[in-house]
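K.L.:
Build me a structure from this.
(2 chains)
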Number of protein chains: 2
Amino acid sequence: MFISCVTVYVKENHIQDFIDAAVKNHEGSLKEPGNMRFDVLQCIDNPARFLLYEAYENEEASKAHKLTEHYLKWKETVDPVMAKPREGIPHRVIAPKNRDQW
Amino acid sequence: MFISCVTVYVKENHIQDFIDAAVKNHEGSLKEPGNMRFDVLQCIDNPARFLLYEAYENEEASKAHKLTEHYLKWKETVDPVMAKPREGIPHRVIAPKNRDQW
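P.N.:
Residues are numbered from 1 along each chain as shown, chains lettered A, B, ... in the order given. Alright, predicted model coming up:
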C-alpha cells in the first residue's frame, strides 16, 4: 500500500473553487482500480489549508492516478488558485495492514 | 466528523520502539466507540517521521481518546523517544461525507 499526503494552501478568495474541484477529483479517484481512499480535509484553524489523503494499492497506482482525466482536470483548475506549491509526502502503512480496513 | 493528523519525529535509535507502541495505540483506539480510523504511517523518505491519521465521530470523541488507558500508556512510552514535540492538526471533512466510508 502507498499513501500520499498532500498539503495544499489555497488563495483565500478561491477556497470554494478549490473545494468544488477537490470533490470532483475525490469522486473520480474512488473509481480508479488501484485507489483505496481519497479523503479531502480542511484545516479547522486555517480554512485555506487542505489535506488530500490518498491511499493506493501500490506506488504504480499512485502514478496511474496522475494520468487520469479527472486528475488532469483538477490540476488545471487548482494550479492557479494555490497560494504556494503543494507538498505531497509518500508513506508506507504500519497499521492497519489488513486491506479490508482501507 | 473530526480528523486529527499528528506528525511525529522519532529519535533514530528508537524507531522500532515507536512502531510497537503506535500499533498498540492503533489497536486500542479502534475499540473506542467514537473512533472511525487510526492509521499509522511511516514516511518513505524519512523513516523517523510518522503520521497518525485519527478520525473521530466528533471533537468530543477525540478528547475522550486522550483519557483512555491505551493513549496514556502510548504517551508515556513515546514521549521520551520523540526527536521534537509532535504536531497535531485538526481537520473537518469535505469528502467523503458518508459515515459508511469511514
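K.L.:
what does the helix or strand containing residue A:76 rub up against?
P.N.:
Using DSSP states H and E, residue A:76 sits in helix A:69-78. Defining contact as CB atoms under 8 Å, 6 or more residues apart in numbering or on different chains, one finds that helix A:69-78 is touched by A:8, A:10, A:17-18, A:21-22, A:24-25, A:27-29, A:65. The C-beta positions use only the backbone N, C-alpha and C, and glycine is treated the same way.
K.L.:
other SSEs contacting the helix or strand containing residue A:16?
P.N.:
Residue A:16 is part of helix A:15-29, with elements assigned from DSSP H and E. Helices and strands touching helix A:15-29, as assessed by 3 or more CB pairs under 8 Å, 6 or more residues apart in numbering or on different chains; DSSP states H and E, comprise strand A:35-43, strand A:49-56, helix A:69-78, strand B:87-95.
K.L.:
Could I have the CA atoms of it written out in CSV?
P.N.:
C-alpha atoms of helix A:15-29 as CSV (Å, rounded to 0.1, in the frame of the first residue of the first chain):
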residue,chain,number,x,y,z
ILE,A,15,-11.4,28.4,-1.2
GLN,A,16,-14.8,27.3,-2.6
ASP,A,17,-13.4,26.8,-6.1
PHE,A,18,-10.8,24.5,-4.6
ILE,A,19,-13.4,22.6,-2.6
ASP,A,20,-15.6,22.1,-5.7
ALA,A,21,-12.6,20.8,-7.8
ALA,A,22,-11.3,18.6,-5.0
VAL,A,23,-14.7,16.9,-4.5
LYS,A,24,-14.8,16.1,-8.3
ASN,A,25,-11.3,14.7,-8.0
HIS,A,26,-12.4,12.6,-5.0
GLU,A,27,-15.3,11.2,-6.9
GLY,A,28,-13.2,10.3,-9.9
SER,A,29,-10.3,8.9,-7.9
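K.L.:
what's the angle from it to helix A:69-78?
P.N.:
170 degrees (axes from the mean of the first three to the mean of the last three CA atoms, to 10 degrees).
K.L.:
Could you double-check that residue A:18 sits in contact with residue A:49?
P.N.:
No. Here residue A:18 lies out of contact with residue A:49, judged by CB atoms under 8 Å, at a distance of 10.6 Å.
K.L.:
what sits in contact with each of those two?
P.N.:
Residues within reach of residue A:18 and of residue A:49 at once, by CB under 8 Å, 6+ apart, are A:8, A:10.
K.L.:
Tell me which of those two has more neighbours.
P.N.:
When residue A:18 is set against residue A:49 and neighbours are counted by other CB atoms under 10 Å in any protein chain shown, the residue ahead is residue A:18, at 23 against 18.
K.L.:
how near is the more buried one to residue B:75?
P.N.:
Relative to residue B:75, residue A:18 is positioned 35 Å away (CB to CB, to the nearest Å).
K.L.:
Buried residues, stretch A:11-22. List them.
P.N.:
By 16 or more other CB atoms under 10 Å in any protein chain shown, the buried positions in stretch A:11-22 come out as A:14-15, A:18-19, A:21-22.
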